[in-house]
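[1] Please find the sequence and the predicted model below.
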Amino acid sequence: MIEEPYRWVEAIANRREYIETQLASGSPIAAVGYRDGILFLTLGQARQKIFEIYDRIAMGAIGHPGDIERLRIGAIELASTEGFTRSAADVSLRRLAHYSLSPVMKSAFEQVYGPPYLARLLFAEIGVQPEEDLFLRVEYDGAIAANGATFAQVRQDFAVLSGTRQSTELMESFLKAEHAPGATFEAALKTALDAWSIGHMALQKDDGKELPERAAVTKHRQEQLATTGIEAAILERNANAAIRFRALSDKEARALIGDY
């Protein structure tokens, strides 16, 4: 009897280590607010990582494609049901995350005889004003990190997703220093590209605890842009449109960054 709680804790620790290892190579995603909306950006060669969930809500994800798709479909179905039974205005990212996705992912993680979700999720909901924008990160164990102000932190107009804690923290440190509230779209795009580059560099080095030099970031960004495609999407703050999500093509994004 005494051993049972210990075995459960040990099993949870093993699951966490396994999931972290599986997610460690996931290409980072940066979501940054700008004057007229919210930008999602990542680089990759194959699988889609950025999705529309509902009128004002978008999602980015890293992990196993099957698990991401199950969670994406679940989020869409819940949002659609909520919008149909009530109204589109009643669909809330907070409700979606706190009352549906988080409990489901927590339950799957803690049921040690079943498979957990191998996925990390990043959501954003566009508000009428920039200060009403909401960013939420949902971890594989159901933990939620939000951008809202608390007694311990100020509100942030960005959020990131990456395969390791170190990579995530470096991207956040960079955006805290470099991303300006009310930035133009072009400025936000370039900042998001640099944040991605910093996160991607951190995934390739175990000892990178400091932000790299600007020249190193530029070199890495240019090397990656030469071999991978840009995946980007925006949530537009246009009150005249019901659906705010718009995907950007690689060609459109590259035209905006030019020789940067």
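    Yes, it's here.
[2] Is residue 199 located within a helix, as I assumed?
    Yes - assigned with DSSP: H, G, I helix; E, B strand; the rest coil, residue 199 falls within a helix.
[3] Leaving out chain neighbours, which residue sits closest to it?
    Leaving aside its sequence neighbours, residue 199 sits nearest to residue 28 (Cβ to Cβ, 6 or more residues apart in numbering; 3.4 Å). Any C-beta I mention is one placed from the backbone N, CA and C, and that applies to glycine too.
[4] same check, this time on residue 170
    residue 202 (4.9 Å).
[5] Can you report how many residues lie near residue 84?
    The tally of other residues near residue 84 (other Cβ atoms under 10 Å) stands at 10.
[6] Just confirm residue 39 contacts residue 31, I think it does.
    Yes - under the criterion of Cβ atoms under 8 Å, residue 39 makes contact with residue 31 at 6.9 Å.
[7] Looking at the two, which is more packed in?
    The neighbour comparison of residue 39 against residue 31 (other Cβ under 10 Å) goes to residue 31, with 30 against 25.
[8] which outside residues touch the one helix or strand the more buried one maps to?
    Assigned by DSSP states H and E, residue 31 belongs to strand 29-34. For strand 29-34, contacts defined as Cβ atoms under 8 Å, 6 or more residues apart in numbering pick out 38-42, 49-50, 60-62, 122, 124, 130, 133, 135, 157-162, 171, 175, 179, 181-185, 187-188, 191-192, 195-196, 199.
[9] List buried residues within the residues you listed.
    Buried residues within these, counting neighbours by 16 or more other Cβ atoms under 10 Å: 38-42, 49-50, 60-62, 122, 124, 130, 133, 135, 157-162, 171, 175, 179, 183, 187-188, 191-192, 195-196, 199.
[10] and those, which of them are in helices?
    With DSSP state H as the criterion, helices contain 171, 175, 187-188, 191-192, 195-196, 199 from among the buried ones among the contacts of strand 29-34.
[11] still on that earlier bit, what's the neighbour count on the residue nearest to residue 199?
    Residue 28: 29 surrounding residues under other Cβ under 10 Å.
[12] Isn't it up against residue 160?
    Yes - in this structure, residue 28 is within contact of residue 160 by Cβ under 8 Å, at 6.5 Å.
[13] what touches both of residue 39 and residue 31?
    Shared contacts of residue 39 and residue 31, defined by Cβ under 8 Å, 6+ apart, comprise residue 192.
[14] Can you flag which of the contacts of strand 29-34 belong to strands?
    38-42, 50, 60-62, 122, 124, 135, 158-161 (DSSP state E).
[15] Can you list the low-confidence ranges for this structure?
    Scanning the chain for pLDDT under 70 picks out the ranges 1-6, 148-154, 206-208, 239.
[16] rewinding a little: mind giving me JSON lines with the ones in helices among the buried ones among the contacts of strand 29-34 and columns for distance to residue 209?
    Formatted as JSON lines, those follow (distance: Cβ to Cβ, whole Å):
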{"residue": "171", "distance to residue 209": "13"}
{"residue": "175", "distance to residue 209": "17"}
{"residue": "187", "distance to residue 209": "27"}
{"residue": "188", "distance to residue 209": "26"}
{"residue": "191", "distance to residue 209": "21"}
{"residue": "192", "distance to residue 209": "22"}
{"residue": "195", "distance to residue 209": "17"}
{"residue": "196", "distance to residue 209": "19"}
{"residue": "199", "distance to residue 209": "14"}
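[17] And these, which is closest to residue 231?
    Taking Cβ to Cβ as the measure, residue 231 lies nearest residue 196 of these, at 10.4 Å.
[18] So for residue 28 and residue 160, which residues contact both of them?
    Common neighbours of residue 28 and residue 160, counting by Cβ under 8 Å, 6+ apart, are 168, 171, 195, 199.
[19] gap between residue 233 and residue 253?
    Remark: distance between residue 233 and residue 253 (Cβ to Cβ, to the nearest Å) = 10 Å.
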